[in-house]
Every structure is written in C-alpha cells, then in structure tokens.
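Participant: here is a sequence together with a model predicted from it:
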Amino acid sequence: MVGSSATSFKLHWSWILWVTGLSPLEYWQRCREVTRQEFEDGRLGLPDLVFFADLDVDTLRRQKAADLTRTRSRHETHILIAPALKCWYRAMPALDPVRVEFRLPVEGVEARLLRLGQRAAGSGSALFDRFMCELEGIRTS
C-alpha cells in the first residue's frame, strides 16, 4: 500500500478476525468506533494505492515450503482469512475504482498508477461510513 496524507488504517485485521469467527463482534465494533474517530479527525485514511496478490492456496503453500528462512507459524491462519481479506479490498474500488489493483506489478509500478498521486479526500467520517456500507454490502452478498 502506498500511504496518503493521513496514515493508512489497518482496521481490516479486526474485521477479518470477526468475519472468520476468530474474535467477538464487540472487538470489531470497538475497533470500528475508534477508527471512525481517527478518520473524522483526519489522522487515518484510505491508502492511495493497493496491490492485492490474489494467490490460490496451493501457491501459498508452495511459497511457504520454498522459503526456509522463516517459520511462518501463522501461515494456515492466513490461508483461512484470505477470502475475508479479499472481500475487504473488493469493497474499496466502489470509492475509487482505479486505486485497487488485484495483481502485483510484474515490471514495477506503472506510470498511470504513479500519476494518480494522493487521494483528494482520503479521510473523513463520510468516507469511512461509505466504506463501511460498501463492506457490509459485499460481506452479505
């Protein structure tokens, strides 16, 4: 992710844990409240650009097996939560469709993406509320 004028937020982790049953609803609700306030105050914001590598489970397991430099003790948990993570990032293009790429750049970041620059409005409670609505719509569809 490329940052914006406000620091990019990481609320996806608490949402994913809740959606996958790994944490209670109350944890998600409290994290959402705190993050909304941070958006309202302009201290947190959406990333300017996201690259999402949508890899299948077999590829993820092959990558783990080939990398002997790390233990990756939570690898299976990350595989479990991968569909929820993809759902999170599928909600973001409704706010600005050109800022989420569902692929990794093969030859570096393309000039067209670099020209996007920072989001004009990457923070604020209205943007946060719109994103939460989009997220809920995708989660329940």
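Facilitator: Nice, thanks for sending it over. From a predicted model like this one, the values you see are computed outputs, not experimental measurements.
Participant: residue ranges with poor pLDDT in the protein?
Facilitator: Applying pLDDT under 70 to the chain flags the ranges 1-8.
Participant: any idea which residue sits dead centre in it?
Facilitator: Central residue of the chain (CA atoms, centre = their mean): residue 89, 5.0 Å from the mean position.
Participant: residue contacts, that residue?
Facilitator: Residues in contact with residue 89 (CB atoms under 8 Å, 6 or more residues apart in numbering) are 50, 52, 100, 102. C-beta here means a position set from N, CA and C on the backbone, and glycine is covered the same way.
Participant: derive a ChimeraX selection command for the buried subset of those residues.
Facilitator: To isolate the buried members of the contacts of residue 89 in ChimeraX, using 16 or more other CB atoms under 10 Å:
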select :50,52,100
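Participant: if we can go back for a sec, can you tell me the SS state at the residue nearest to the centre of the chain?
Facilitator: Under the three-state scheme (DSSP: H, G, I helix; E, B strand; the rest coil), residue 89 adopts helix.
Participant: roughly how far apart are it and residue 40?
Facilitator: 23 Å (CB to CB, to the nearest Å).
Participant: just residue 84 next, same as before
Facilitator: 25 Å.
Participant: what do you get for residue 58?
Facilitator: Applying CB to CB to residue 58 and residue 40 gives a distance of 43 Å.
Participant: those two - which one has more neighbours?
Facilitator: residue 40 (16 against 8; other CB atoms under 10 Å).
Participant: buried residues in the helix or strand containing residue 26?
Facilitator: Following DSSP states H and E, one finds residue 26 within helix 25-40. For helix 25-40, the neighbour count (16+ other CB under 10 Å) marks 28, 31, 32, 35, 36, 38, 39, 40 as buried.
Participant: would you reformat the residues you listed as JSON lines and include distance to residue 106?
Facilitator: Shown next, in JSON lines, are these (distance: CB to CB, whole Å):
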{"residue": "28", "distance to residue 106": "36"}
{"residue": "31", "distance to residue 106": "35"}
{"residue": "32", "distance to residue 106": "36"}
{"residue": "35", "distance to residue 106": "33"}
{"residue": "36", "distance to residue 106": "37"}
{"residue": "38", "distance to residue 106": "35"}
{"residue": "39", "distance to residue 106": "33"}
{"residue": "40", "distance to residue 106": "39"}
